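1. Provided below are the primary sequence and the corresponding predicted coordinates.
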Amino acid sequence: MTVEGVIFNVQRFNVHDGKGIRTIVFFKGCPLRCRWCSNPESQKHQPELGVNPGLCLGAKVCGRCIKVCPNGSLKEVDQAVIFDRGKCVGCFLCAEACPSGARFRYGEKMSVEQARRKVEEDGVFYQRSGGGLTISGGEALAQPAFALALLKEAKKRHIDTALETSGACDFEILKEVSVHLDSIFYDLKHFDDAKHREFTGLGNQAIIENLHRLAGIYSKKITVRIPVIPDFNDAPSALRRLGDLAPKAGNVAAEYLPYHRAGEVKYNFLGREYRYKNIVPDNDKFDYLISQLKDHGGSTSVV
Ligand code: SF4
Ligand code: SF4
């Protein structure tokens, strides 16, 4: 049986998420709803409609989307296209008809074979740089059959494999995929269960437990990634307590990532509210916080 996944991006030539030059396959769907999420298009499992009005040619010049919409979600007002998202059924006919890219889809179904071929296009760069495939999301392990099949295909071809995970998954899935992984990036967000739940939609207990169980069975590199998020965990004490949750093992290292708002425009394209819209990144504060953690053995990385 063909295993299919829903993928929202395949990013080539990435140098942040694993060794060497990497191809990142971004899986759609995530059990968390982090308020600061920079990939809001990753959260829902199904493909979604994006709309960038800045690219629209206007209803008078074009108007194709209005003509094809079977649901009356679009109408012309003063030559502009007005969209009622509440009436949209997500058929994507308007995206197919749109000549300018103003209407488009986030997420495509892809077979393992299609994904593998895309990844293999960069084989020469992997060989030269020691790079490979990273699966990410969303939460890649929310599509376990696809994740497992793609990793197995990569390993058959001797491609280095990495996983970026929120850890919010069934441990048995994590255990099964870990056999086919050369490195794992594992997010930790807050030490306090209630705060974690308030800002991400889920508590942290299973995530922490999964990390410790993983460290007990996995001997390759685990990088614990800690995003430093304003109004959430950006205090030395909170970050220290979070760092202390990482298992004390030689193959586990911590890495702190600064908050950024590169995903803001995508909230507009999806018609969703960005709850961090008034929170501006503060690089000086990030540097200060990291200086306070020096004795904690973490490193910083901008991803
Ligand atoms: S996705 Fe379909 S229902 Fe929604 S606006 Fe486009 S054509 Fe209309
Ligand atoms: S099809 Fe695209 S370019 Fe044409 S009116 Fe609709 S959104 Fe604008």
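-> Now that the structure is in, tell me what you want to look at. Ligands and ions are numbered 1, 2, ... in the order given.

2. For stretch 156-167, list every residue counted as buried.
-> Within stretch 156-167, the residues scored as buried using 16 or more other CB atoms under 10 Å are 159-167. C-beta coordinates here come from the backbone N, C-alpha and C atoms, glycine included.

3. Among those residues, name the ones in strands.
-> Residues of those located in strands (DSSP state E): 160-165.

4. Counting by contacts, list what the helix or strand A149 falls within packs against.
-> Here A149 is covered by helix 144-156, with elements defined by DSSP states H and E. Using 3 or more CB pairs under 8 Å, 6 or more residues apart in numbering; DSSP states H and E as the contact test, the elements touching helix 144-156 are strand 4-14, strand 22-27, helix 112-120, strand 132-136, strand 160-165, helix 171-178.

5. Pick the most deeply packed of these.
-> Most buried of the helices and strands packed on helix 144-156 by mean neighbour count (mean count of other CB atoms under 10 Å) is strand 132-136; its value is a mean of 27.

6. and A194, that one's in a helix?
-> Yes - counting by DSSP: H, G, I helix; E, B strand; the rest coil, A194 is located in a helix.

7. how close does it get to ligand 1?
-> Distance, A194 to ligand 1, using CB to the nearest ligand atom, to the nearest Å: 38 Å.

8. Quick one: residues contacting that residue.
-> G203 (CB atoms under 8 Å, 6 or more residues apart in numbering).

9. now R225: how far from ligand 1?
-> Relative to ligand 1, and taking CB to the nearest ligand atom, R225 is found at 35 Å.

10. and the helices and strands packed on helix 144-156 as JSON lines, adding distance to G201?
-> Shown next, in JSON lines, are these (distance: least, CB to CB, whole Å):
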{"stretch": "strand 4-14", "distance to G201": "19"}
{"stretch": "strand 22-27", "distance to G201": "18"}
{"stretch": "helix 112-120", "distance to G201": "28"}
{"stretch": "strand 132-136", "distance to G201": "19"}
{"stretch": "strand 160-165", "distance to G201": "16"}
{"stretch": "helix 171-178", "distance to G201": "19"}
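
11. Looking at those, which is nearest to V265?
-> strand 4-14 (14.9 Å; CB to CB).

12. Now the closest one: average pLDDT?
-> Average pLDDT, strand 4-14: 95.

13. Check the spacing between R117 and V25 real quick.
-> Noted for R117: a distance of 12 Å to V25, by CB to CB, to the nearest Å.

14. now swap in C98 and tell me
-> In terms of CB to CB, C98 sits 26 Å off from V25.

15. that older thread, quick one, which of the helices and strands packed on helix 144-156 is nearest to Y288?
-> Using CB to CB, the helices and strands packed on helix 144-156 put strand 160-165 closest to Y288, at 26.8 Å.

16. is stretch 37-50 anywhere near ligand 2?
-> No - judged by CB under 6 Å from any ligand atom, stretch 37-50 stays clear of ligand 2, getting no closer than 11.0 Å.

17. In that stretch, which residues are buried?
-> 37-45, 47-50.

18. Looking at those residues, spot the one nearest Q11.
-> Closest to Q11, out of all of the buried residues of stretch 37-50 and judged by CB to CB, is N39, at 11.1 Å.
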